[in-house]
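Novice: below is the sequence, then the predicted model.
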Amino acid sequence: MNPSLAGRLTDDGHELDVRVYFEDTDFSGVVYHARYLHFLERGRSDFLRLKGIGHRELMSGERGAPMAFAVRKMEIEFLRPARIDDVLQVATRTRQLGGARVLLDQTIMRGEELLVTASVKVAVISPEGKPMRMPAEVLSVLDPNTGGAP
């Protein structure tokens, strides 16, 4: 794996650079609102990947019981538009951990300009789709207070 493709871990979370392509925009060259969901998902997935708990590792049970994350709730505020060819920074930070859920804060910036904020509640589920408690090893890796590492 090329770590640069997955962004970078920071002291308080993760950052991922994404470029806006033609396919991300509407007829006017402005990013279509639903595309921001894709950018945010990439940020969350690469955050997990760089922490050593990518989706494949979670489902295989390499870090405890097999599990997956499913977005249960998301609140998004669109503050400013992004446009074709912009380079955006998607930041992901763990706000709170629970036994069966994770609350994440995400932002999308263009340089110093805040474009999008998102609050994401993620549920922990079994491979069958049933709620379950997060394995302790995964919990420790995601805990921002312990600086969990792969």
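Specialist: Great, that's in hand. What you see is a predicted model; the values in this text were computed from it and never measured.
Novice: use CA for all of it now, contacts and neighbours both
Specialist: OK.
Novice: count the residues that sit near L79.
Specialist: 12 (other CA atoms under 10 Å).
Novice: now for it: which residues touch it?
Specialist: Residues in contact with L79, defined by CA atoms under 8 Å, 6 or more residues apart in numbering, are 114-117.
Novice: can you tell me which of those residues comes closest to H55?
Specialist: Top of the list for closeness to H55, among the contacts of L79 and by CA to CA, is T117 at 23.8 Å.
Novice: identify the bridge partners of that closest one.
Specialist: Following DSSP bridges, T117 is listed with bridge partners E77, T107.
Novice: residue ranges in this protein under the pLDDT threshold?
Specialist: Filtered on pLDDT under 70, the chain yields the residue ranges 1-3, 146-150.
Novice: neighbouring contacts of the top helix by length along it?
Specialist: Using DSSP state H, we find that the single longest helix of the chain is helix 35-50. The contact list for helix 35-50, computed with CA under 8 Å, 6+ apart, reads 3, 6-9, 13-16, 18, 24, 54-55, 90-92, 106, 108, 150.
Novice: surely G7 and V18 touch.
Specialist: No: between G7 and V18 there is no contact under CA atoms under 8 Å: 9.2 Å.
Novice: more neighbours: those two, which one.
Specialist: Legend: neighbour count by other CA under 10 Å for G7 and V18, higher for G7 (22 against 18).
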